[in-house]
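[1] What follows is a protein structure lacking sequence information:
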């Protein structure tokens, strides 16, 4: 038998540790894994010189922008950044301009993305106004729903508990998942108004407005609202240990919930925000060093389900404004997430097994991607090949993203993605994009 591709001189992580092997690919699927002598011949053989093959990484929290915000990022530049960062599948958030909150908007995004993407892309939908539209949106390709409690883009009144509970019930009937940005709007808007009225535009005022209490109260509210409803809820970018404890307790009580953390909440602190100013302004904001250390400890213990980039690019001038209330929140993260985690692996702070779990296996499981997240015969040939010992300095000017800045600028890291394969096709090789726009696939669409 002659298969399409054979990857030789490879290593994978098994229960016995990192083991030498080869992988063959046929029709975009993993055909076989094993000792090279046992593998079938192939039309193409690729020697990866002892590098480690991971199951393709999945980032479930990405803002690819495009549409009216394509000056910040578009589907091509964003998925080039994903490929360069080792991600083979990303999920795009709905708070674009215009927002993804109707069938028309979802179809518009899917059609626009199809000819531009380099990796697999799935789309969230905002909460639609009519309950019956949840089903239609899922049928047309929405992989999950998103509700932003602080800056909602849905037409629903997210401050009304009865409205929100009814919406969660409607999502539950579709069996889809809801991702929640949990920050209490009443707490934050009241303090923002007070500070702005007094002319306080300081970074300290921003931290006080986006207090840990605002996240905790929002998580408490959602946990209360979904009790008795059969709906899966995923808490986005949890930033506080107090909030994470509530989620852990609710999981133990049997609620079908999961959560994610970001590299910036793990590795940066309030001190970094005060030093870097707008470059490190995100919502929820950076917290104390002690909080970051405890989030990392919880990640190592398996109490955090996923790590996401929350890739949220803006123009540099939007990040450099003096008035803190006018700075656009968010940072690019697709090209730094894996190197930051591999550096932690090289320092002995987290296992490679755990990195694969939170970046590949668990995202596939939580979001129901049945043929992704594992190196297994018959699964999609989405592969992330890494050089575990490659040392380099993060330099945002080299990003494929349109956003050429990062709070991690200048950080020395160890471990780098060197090849990204999507559906059996090489899309990134040593930092260079090797596939044409449209090589990726929109997932969730029948």
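    Looks like it came in fine. Keep in mind it's a predicted model, so treat the numbers as computed, not measured. Numbering: from 1, shown residues only.
[2] all strands for the stretch 251-400 of the chain, in order.
    Taking DSSP state E, counting those that start in this stretch as the criterion, the stretch 251-400 of the chain carries its strands at 257-261, 306-307, 383-393.
[3] Which among the ones you listed is found nearest to residue 75?
    Residue 75 lies closest, by CB to CB, to one member of those: strand 383-393, at 20.3 Å. C-beta here means a position set from N, CA and C on the backbone, and glycine is covered the same way.
[4] Mind listing what's buried along the helix or strand following the closest one?
    Using DSSP states H and E, the next helix or strand after strand 383-393 towards the C-terminus is strand 412-422. For strand 412-422, the neighbour count (16 or more other CB atoms under 10 Å) marks 413, 414, 415, 416, 417, 418, 419, 420, 421, 422 as buried.
[5] Same question for stretch 43-54.
    Under the neighbour-count criterion of 16+ other CB under 10 Å, stretch 43-54 has 46, 48, 51, 52, 53, 54 buried.
[6] how far away is the fourth one from residue 39?
    Read that as residue 52. Per CB to CB, to the nearest Å, residue 52 is found 18 Å from residue 39.
[7] now the third one
    Computed as CB to CB, the residue 51 to residue 39 distance reads 17 Å.
[8] Repeat that for the last one.
    The span separating residue 54 from residue 39 equals 19 Å under the rule CB to CB.
[9] next one: the first one
    Taking CB to CB as the measure, residue 46 and residue 39 are separated by 13 Å.
[10] what residues are up against the closest residue to residue 429 other than its chain neighbours?
    Excluding its sequence neighbours, the residue lying closest to residue 429 (CB to CB, 6 or more residues apart in numbering) is residue 419, at 5.4 Å. For residue 419, the contact set (CB atoms under 8 Å, 6 or more residues apart in numbering) comprises 48, 51, 383, 384, 385, 426, 428, 429, 430.
[11] now stretch 30-38, how far from the centre of its chain.
    31 Å (CA atoms, centre = their mean, to the nearest Å).
[12] Now that stretch: buried residues?
    Across stretch 30-38, burial judged by 16+ other CB under 10 Å covers 30, 31, 32, 33, 36.
[13] With adjacent residues omitted, what lies nearest to the third one?
    Just to be clear, that refers to residue 32. Using CB to CB, 6+ apart, the closest residue to residue 32 is residue 24 (4.7 Å).
[14] which element is residue 168 on?
    helix 161-174.
[15] Following the chain past that helix, name the next helix or strand.
    Later in the chain than helix 161-174, the nearest helix or strand by DSSP H and E is strand 177-181.
[16] Could you figure out how far the helix or strand harbouring residue 243 is turned away from strand 257-261?
    Per DSSP H and E, residue 243 falls inside helix 241-252. Taking axes from the mean of the first three to the mean of the last three CA atoms, to 10 degrees, one finds that helix 241-252 is oriented at 150 degrees with respect to strand 257-261.
[17] Give me the contacts around helix 241-252.
    Defining contact as CB under 8 Å, 6+ apart, one finds that helix 241-252 is touched by 182, 212, 215-216, 219-220, 223, 235, 238, 257, 259, 291, 294-295, 298, 303-304.
[18] out of the buried residues of stretch 30-38, who's nearest residue 321?
    Residue 321 has its nearest neighbour among those in residue 30, at 47.8 Å by CB to CB.
[19] Since that was my last question, I'll sign off now.
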